[in-house]
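Novice: sequence first, then the predicted structure, then my questions.
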Amino acid sequence: MFMTNRISQLRCILCFLGGVLFFLGCSRELASETRLFSFTTSKGLVVKVLQDNDMPFIQAQLLIYLDGNSQNYTSLAISQLMAMNMFERELNSPPSNLMGMLQRQGNDYKVEQNPEYVKITMNFLPDRLAAFPKLLKEIFYYQSFHLKKFNQSKEKFWSLFAKNRDWKKEMAFLLAYQQMIGNFYFSQGLLLQDILNRINLAQLRSFLLTTFRPDNALLILKGKINPYFILGMIEKDLPQPSPRQSKTKKEGITLNANRKIFVLNVNSAEQPAVYWFDAAPAVTDVSYLPYVIGNIALFGFPGGRIYQSEKNQFSMAGYKVNTETYFLKKFTVFCNYLRLKYNDLENFLLLVDQERRKFVVRPIERKEYLDALNYYIGRAQVETSRFDYDLQAEIDRFHSQGMGALAQPIGPQIFQEVSLNRVMQVMDEQMGSRHRSSGREKGIVVLIGNANLIFNNLKILKTEALEISMD
Amino acid sequence: MIKAWIFCWCLVIPLVPISAQTVTVSSFELPNGLKVILAPSNNMQAAAVCVYHMQGARNDPADTRGISYLYQYLMFDGNENLEPYDHVLFVNKMGGIVSGRVNYDNAVFFETLPAQEINVALWLESERLKSLRLQDANIDYHKNQIFNRINRLWESSQNFKAQTWVSSKVFEGSAYEYPLYGDLNKIRFLSNDRIRENYRNFQDLANILLIIAGKFDINELRAGINKFFQDIPPGRKPSNPVFSAHNQRKSFLLKNWMIEGLKRNFVVYGIKAPAKIGYNFMYFDFLRYYLTDPRFARLDHVLNIVNKLDVEIESSFTDYMEANCLTIQISASKRINLEKAKYVLEKEFQALSSNPISNSDVRAVRSMMEIDFLKSMVSLEERCLRIGEFFHMFGELNFFDVQLKRLRKITSYDIMESAKKYLVKENQVVLNVYDK
């Protein structure tokens, strides 16, 4: 009897130890993989949770769609003033409830705007997760507009706007976006004080009611999160939004990316910046990846044709061109940019034109193609070391209803999807002769710097360039 | 029995989050003395290789100050098998990133690249250590470049001049007294032979840590390290202890500069701050976050929102191991506003020394610091740097939990004590720069 008891006790202990080892093993296994949970709350807010148990803090990205609400002088000013009044730390007097909540949440947040959406990125510690839905509620049902703060935001607009951000790139992108899709064009200065002064608080309130709504937003959370817990909390804390006014159906976007050169006049001692914008297929499109590879073969550093030609033909200093991609709902914008000396400006612009033309005449060689593909795969792998690398892929997947090319993991299948022939075909479609109107290139070029110096250094392209002043 | 089971599981479950948060770091040493530190994380497809030199500008001999700063540029200038900048082009071509910098206490060179290419980074770094190209033409080119760049900055920027002066006074008598680039008038005349000779010390394996973070296969990695680094000759162990906190002299120093044609009057405060190896560093760092971090920006709030002085505030912090300096520059278009700002700043410092800050502010700043710390441990480059610095200072590898626990325990009284010690007038160097 005693012996049996001892054996059963020993069995229990062994079972327990086995269980512990199994549990810890499983938990480590679980800890190393990211799992996605998607929901739509009863208030219409789309929530995506990337559960990553290795991540020691939580990142939340809230996207509120503007849907073309920043495509004329007034609405652009309203949307910018709106974000400033709600989130600008320097305008927190009298203190607003939202700012207090953001501070308690850890104060680590950033607000970015592009013509399609406002993105609010917040990082906070896991113990603040329970307070997050209340913060969401405060954003969607913000009521702390204050006349004094509003007037200050108009007075100090430019100093606040230019603080801690690459405002030149933002302005250049706005201009290029307008050019590509609008039936309205910026021809005067951007965000002029006159226009800002005409905006009133009622316009901000009305803008808030129509755009800052749970059913017009996407929330993505990444970190060590129980998805059902957060969903329950959001359901509990978010009130039902007011009924939505029926939207006027918008016409489909017609892209018009014909070549134009804009000069934004800025008084600065820095070297001028050149931004070259191209409208490319949407991330959902089968042509997207071939376009990316083509763009790397053209602008990439150090293997791209432009870099190689710069060195050989113009004996320039070997400028490195950076590339940034804006993933929008219907299309993608590629922004290739660099800073260079005033006297190299025209040479560089002509060189880009020349290389783009040659791209179709002298097709991409196999080596160039493989180098570009290798670079793309390598860069995508390096990007996985950023804690937020998979959030953008989720946003794209949402915009594309699950068909995003970037949504797939990087692997050998990419070689099948992006053959050399396909790259050449897409580049021909995008940059070939039949897409040039009256022999002119595509692509919106924005030059930012001292306009006098820029025009003094443009000879052939002088007549093409249009000057727009900055306030 | 069931109760006993439940009790046991309750004991086990809390272990899981702890194990998920801890960053595991291990190390081994090659026969030639090279210390290798590994910080794996398998949830990514990238790896970072960092060569951490446990010496920097502070170790430059007095007659050749600025020599280490020169290496920052020479390091990318090719070697026996590579042409200038090939190193950068190699890594960039495969989608990777290269960076490097020389500081007072250390020098670090990084490659972040796809995990399967880690051997390329190891090869590139070993080439650099074995046969850096130190020919007269390269050295002369970089000496001139540095001279011209710093000289241009010196001629054109009053702020740069003022901050350099304040920094030299704050660090008087310490290893950080002279600028990183040494003496601008001597830099062009440094002997090239001395530069080559000194490089032997700079690349001495006994002073180097090879830190690898990210995804890797340990066996393949070990084979790669052996292959590329084992034939580098062993180094000489340094004899003296590495660091000790420097006691900065407590005396208030005030100076006025009158400059013709100055657009905005400004004042530069240099506040002597504790060494990174000291216990008080974290408390002072809290004060720095509280006063100057743009996310909290207490100074901005007090000067511009409460007192409406319309001043511009810029700040920087040195982050050195033996002594530190918090520089705050305040500029205003109206002189009267600048004088008021100085008065308000003094009162704010006094208030911090005599009254504890509110618990909600403590919580807010603490969580900002904690998020920043956690973010730095997630980024590969930052993680390598932190691990290297910690090992360099304390000879320990696993600091993550200790640092985090200390951070979470900061109270308002710790902050008040720190303010009493460091925000006093005797601890400041003040330079007023006025229009003549």
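Specialist: Here it is on my side, so go on. Keep in mind that what you see is a predicted model, and the values were worked out from it rather than measured.

Novice: drop to CA atoms for contacts and neighbour counts, all remaining ones
Specialist: Will do.

Novice: remind me which residues of the stretch 201-350 of chain A are low pLDDT?
Specialist: Counting by pLDDT under 70, the stretch 201-350 of chain A has low-confidence residues at A:245-257, A:311-317.

Novice: what residue in it comes nearest to chain B?
Specialist: The nearest approach of the stretch 201-350 of chain A to chain B comes at residue A:302, 6.2 Å away (C-alpha to the nearest C-alpha).

Novice: which SSE is that residue in?
Specialist: If you go by DSSP states H and E, residue A:302 is not part of any helix or strand.

Novice: what about it, neighbour count?
Specialist: For residue A:302, the neighbour count with other C-alpha atoms under 10 Å in any protein chain shown is 23.

Novice: that one against residue B:95, yeah?
Specialist: No: the criterion here is C-alpha atoms under 8 Å, and residue A:302 misses it with residue B:95 at 10.3 Å.

Novice: tell me how far the closest residue to residue A:121 other than its chain neighbours lies from chain B.
Specialist: Once flanking residues are discounted, residue A:121 sits nearest to residue A:61: 4.5 Å by C-alpha to C-alpha, 6 or more residues apart in numbering or on different chains. Using C-alpha to the nearest C-alpha, to the nearest Å, residue A:61 is found at 16 Å from chain B.

Novice: surely residue A:61 and residue A:217 touch.
Specialist: No: assessed by C-alpha under 8 Å, residue A:61 is found out of contact with residue A:217, at 10.3 Å.

Novice: re the thing from before, shared neighbours, residue A:302 and residue B:95?
Specialist: Counting by C-alpha atoms under 8 Å, 6 or more residues apart in numbering or on different chains, no residue touches both residue A:302 and residue B:95.

Novice: chain A contacts on the stretch 201-350 of chain B?
Specialist: By C-alpha under 8 Å from any C-alpha of the partner chain, the part of the stretch 201-350 of chain B that sits against chain A consists of B:214, B:295-296, B:300-301, B:305.

Novice: run the last query once more with 10 Å
Specialist: Taking C-alpha under 10 Å from any C-alpha of the partner chain as the criterion, the stretch 201-350 of chain B approaches chain A at residues B:214-215, B:294-297, B:300-301, B:304-306.

Novice: show me the residues you listed that map onto strands.
Specialist: Among those, the ones falling in strands (DSSP state E) are residue B:214.

Novice: residues of the stretch 151-300 of chain A that sit close to chain B?
Specialist: A:164, A:224, A:300.

Novice: so residue A:306 touches residue A:356, yeah?
Specialist: Yes: the pair residue A:306 and residue A:356 passes the contact test of C-alpha atoms under 10 Å, sitting 9.0 Å apart.

Novice: neighbour count winner among those two?
Specialist: Between residue A:306 and residue A:356, residue A:306 has the larger neighbour count (other C-alpha under 10 Å), namely 26 against 22.

Novice: so who does residue B:171 touch?
Specialist: B:177-178, B:246-249, B:270, B:272, B:323-325 (C-alpha atoms under 10 Å, 6 or more residues apart in numbering or on different chains).

Novice: 7 Å instead, please
Specialist: Residue B:171 sits next to residue B:177 when contact means C-alpha atoms under 7 Å, 6 or more residues apart in numbering or on different chains.

Novice: next up, phi/psi of the closest residue to residue A:464 other than its chain neighbours, please.
Specialist: Spatially, and ignoring its direct neighbours in sequence, residue A:464 is nearest to residue A:261 (6.3 Å; C-alpha to C-alpha, 6+ apart). Torsion angles at residue A:261 (phi, psi; degrees, to the nearest 10) stand at phi -120, psi 120.
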